[in-house]
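A.B. asks: Model the following, please.
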Amino acid sequence: MKNLHAAAAAAGLKRHWTDATGTAQQVDDAVLETLLACLDQTPADQPLLSITAGQPLTIPGSATGIAELTLEDGSNHPLTLGTDAITTIGYHHLQVGGRHYTIAVAPPRCPQPPGHGWGVAVQIPSLRDEHSTAYGTYATLARAAAAFGRAGATALAISPTHALFPGDPGRFSPYAPSSRLFHNVMLADPSLVGMPFPDEPAPDLIDWRTSHDVRLNHLRLSFANASSEVRAKVAAYVAETRPNVSDHALFDAINLHFGGQGWPAWPAELRDPASPAVQRFAAEHADEVAFFTYLQWLADQGLARAQECAREHMAIGLIADLAVGTDCGGSHGWSAPQDLLTGVTIGAPPDPLGPDGQNWGISALDPFALARSGFAPFINTIRTALRHAGGLRIDHAIGLDHLWIVPDGGTAADGAYLTMPGDILKNIVAIEAHRAGAIVIAEDLGTVPPGLRDDLSRRGMLGMRVLPFERDEEGDFVSPSQWDADAVAMTGTHDTPTVAGWWKGRDLDWRAKISGRAASLESRTDERKSLAQAIGIATVAPEPAPLDQILAAVSNAPAALAIFPLEDLLGLEEQPNLPGTVDEHPNWRRRMPDGTDQLLADATVAARTQMLTAKRPG
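C.D. replies: Model prediction:
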C-alpha cells in the first residue's frame with residue numbers, strides 16, 4: 001500500500017488526522033483509494049503564485065534572475081527574482097523565460113473594524129416591517145438596516161444571499177445554494193421599479209411553498225411592465241457582470257420548466273449547457289431567460305440599496321455571509337462542472353457540533369481545477385459576496401485550508417481531509433477585501449487545525465468567539481473579558497440556541513422531542529452556574545434568563561466588534577436553525593414578532609441598544 005499512501009499524500013489527501021478530542025485517527029485504505037479516483041490532478045498551464053506585498057518573489061524550481069513583471073495597469077517592470085519586492089496589491093503577470101505566471105499580491109492585513117462597535121445578525125426572510133409580507137425581502141432589509149443604524153449599530157450581519165432554486169421552493173436553506181456567483185431572486189422586491197408586492201399573509205412560520213407562486217407571479221408582472229429605462233439598466237448589468245448572468249438565468253428557466261429538481265433530473269440532452277438542445281431551449285424561451293436575468297438585476301439593486309441605507313448610519317454596514325459550497329444539482333454544477341469536485345460531497349468529521357460527523361451533501365471548488373483556471377471561480381465568488389457589503393463572514397473558514405470530503409453515497413465516517421491551497425485562497429480574500437474596504441470574519445469553530453487561528457490573526461481576519469463554545473479544559477465558561485481581541489465576540493450564531501432558549505433549556509426540549517427521550521436538565525443547571533460565575537452574577541434559576549447581564553458581559557469582550565443575533569437582542573427563545581434536522585424543526589422559517597422599528601421602540605429593547613452603544617460607541 002506504499003504506492004497508494006504516496007499517491008494520496010501527493011494529491012493532498014490526509015491519511016492521518018486528529019479529531020476534536022485530540023485523538024489520532026487514520027483513514028482506511030479503501031476510502032483513500034475511492035477518493036483518489038475522484039481527483040483530476042492535471043497541472044495548470046499558467047500557475048498562479050501568491051505573495052504578500054513587500055515580499056520578494058521566488059519561483060519554485062527557478063534560479064534567481066531577471067523576469068518581466070506586467071502590473072494590472074499594463075505597466076512593465078524588470079524584476080530580480082528572490083531580491084526585488086512587489087508592493088502593488090492585485091493580480092499581475094510575470095514572464096520568466098518561456099514560462100508565464102499570474103502573481104496575486106495581497107496586503108499584509110485585511111481592513112479592520114473602525115472603533116469598538118456592535119452589530120446585529122439577522123436572517124433576511126425573518127424580518128418584518130409595516131408592510132404585510134410572506135417573508136422579508138431586500139427592501140425589508142434596507143429598512144431594517146436604517147433602523148439598526150439609528151439604534152447605534154455599526155454593522156448588520158445577514159444570512160447568505162446566494163442564488164437558490166426559483167423552480168423549487170422546498171430548497172430554502174441559504175447554505176445549500178444553486179450558485180454563489182449570483183443572488184437569491186426570491187428576496188427581490190419590485191417596489192424598486194414602482195410595483196410593490198400586495199399585502200400577503202404573514203404567519204409566524206414562513207410557508208415557502210404557498211408563498212412562492214404568488215411572489216413569482218407578481219415578479220413576472222413587474223417584468224412585463226418594466227419601462228424601457230429599466231430594460232436598459234438590465235442590459236447594462238448583463239454587459240458588466242462576470243461570469244455571464246445569462247447562463248445562470250438560462251439554468252433557472254430550464255429548471256423551473258422541468259419541475260425544479262436540478263439538472264441531473266433533466267432530459268439527457270439538456271444536461272450539457274453547450275448542447276444544441278440547450279441552445280434551442282434558450283431561443284424558444286428567450287422571454288423566460290430574460291425574466292430571470294431581470295430578477296438578478298433586481299436582486300442586485302435591492303442589495304445595493306440595503307447597503308446604501310446601512311452606510312447612512314453604520315461604519316461597516318452589511319456583512320455578507322459566504323456558504324462553504326453549492327448544491328451539486330445547481331447552476332454552478334451545470335454551467336461549469338469543471339470548477340467543482342465530482343464524485344464527492346463535503347462535510348465535517350465528528351466534533352462538538354455534530355458527534356456523528358456531518359455530510360452536508362454539497363460540493364465545493366476543486367483545488368486542482370482552481371489552479372488550472374487561475375483561481376477565477378474563487379475570485380468571482382468573493383467579488384460577488386462583497387459587491388454590496390462592508391464585510392464578509394466566511395462560513396467554515398477551516399475549508400480554506402482543508403475540506404472533509406466524502407465519497408458519493410458514503411457517510412461522514414467514510415471521509416478524509418483534502419488539502420486546499422489555503423495560502424492562495426486567503427491572499428485572494430485579502431486582495432478583494434482590500435479593494436472593497438471590507439472586514440473579514442473567518443468562522444473558526446469546530447475541529448480547528450493547529451496554527452489556523454494564528455494565521456488568521458496575522459492576516460487581520462477576525463475569528464469568532466461564541467459564548468456557548470468559550471470554555472476551559474474542564475468545560476467551564478471563560479469570562480468574555482478574557483476572550484481574544486482579534487475575534488468578533490458573539491452571544492450565538494444561527495446554529496446555536498438563543499441565550500434565552502439555552503438558559504431555559506429550550507434546545508434540550510427540542511432534542512428530546514426529536515429523539516423521543518425525556519430531556520435531562522441537570523447538566524444545564526450546572527452550566528448555568530458556570531456561566532453565572534463567569535459573568536459575575538448570582539442567579540441560576542431557569543427563568544427568566546439574565547439576558548441584560550449576559551449581553552453586557554459579551555459587550556465587554558476586548559474584540560473590536562461584537563455581534564448579537566437579533567433573537568438575543570429581543571430575548572426570543574427559538575433559534576433559526578437546529579443543525580442535524582430537516583423537517584423535525586422549522587429551520588429557516590421563523591419570523592420576527594414585529595417590524596424592526598417597532599421592535600427597537602420597545603422600552604426593554606431600546607434600553608439594551610442604548611447600553612450596547614454606550615459600551616461600544618463605534
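
A.B. asks: So what touches stretch 564-571?
C.D. replies: Taking CB atoms under 8 Å, 6 or more residues apart in numbering as the criterion, the residues outside stretch 564-571 that touch it are 118-122, 126, 490-494, 498-500, 545, 547, 551, 554, 574-576, 592-593, 599, 604-605, 608-609, 612. Where C-beta positions appear, they are placed from N, C-alpha and C, glycine not excepted.

A.B. asks: 7 Å instead?
C.D. replies: Contacts with stretch 564-571, where a contact means CB atoms under 7 Å, 6 or more residues apart in numbering, come from 118, 120-122, 491-492, 498-500, 547, 551, 575, 592, 599, 605, 608.

A.B. asks: So which of those residues are in strands?
C.D. replies: Trp118, Val120, Ala121, Val122 (DSSP state E).

A.B. asks: Most neighbours among the residues you listed, which one is it?
C.D. replies: Trp118 (29 neighbours; other CB atoms under 10 Å).

A.B. asks: Enumerate every residue touching Glu288.
C.D. replies: Contacts of Glu288 (CB under 7 Å, 6+ apart): Ala253.

A.B. asks: Within the helices and strands, which one has it?
C.D. replies: Under the criterion of DSSP states H and E, Glu288 resides in helix 286-311.

A.B. asks: Okay, buried residues for that helix please.
C.D. replies: By 16 or more other CB atoms under 10 Å, the buried positions in helix 286-311 come out as 288-303, 305-307, 309-310.

A.B. asks: do stretch 8-19 as well
C.D. replies: Per 16+ other CB under 10 Å, stretch 8-19 contains these buried residues: Ala8, Ala11, Gly12, Leu13, Lys14, Arg15, Trp17.

A.B. asks: ranges for the helices of the stretch 201-350 of the chain?
C.D. replies: Applying DSSP state H, counting those that start in this stretch to the stretch 201-350 of the chain gives helices spanning 208-224, 228-240, 245-257, 276-284, 286-311, 331-335.

A.B. asks: So what's the gap between the last one and the chain middle?
C.D. replies: Pointing back at helix 331-335 there. 19 Å (CA atoms, centre = their mean, to the nearest Å).

A.B. asks: Give me the distance between Lys233 and Leu192.
C.D. replies: According to CB to CB, to the nearest Å, Lys233 and Leu192 sit 11 Å apart.

A.B. asks: which of those two has more neighbours?
C.D. replies: Each of Lys233 and Leu192 has its neighbours counted (other CB under 10 Å); Leu192 has more, 20 against 17.

A.B. asks: what's near enough to touch that one?
C.D. replies: Leu298, Gln301, Gly302, Arg305.

A.B. asks: low-scoring pLDDT stretches of the chain, where are they?
C.D. replies: Applying pLDDT under 70 to the chain flags the ranges 1, 62-64, 351-355.

A.B. asks: Taking the contacts of stretch 564-571, tell me the two that lie furthest apart.
C.D. replies: Trp118 and Gln575 (20.3 Å; CB to CB).

A.B. asks: Reduced to three states, what does the nearest residue in space to Arg171 that is not next to it in sequence come out as?
C.D. replies: Closest residue in space to Arg171, ignoring its immediate chain neighbours: Phe165 at 4.4 Å, by CB to CB, 6 or more residues apart in numbering. Here Phe165 is recorded as coil under DSSP: H, G, I helix; E, B strand; the rest coil.
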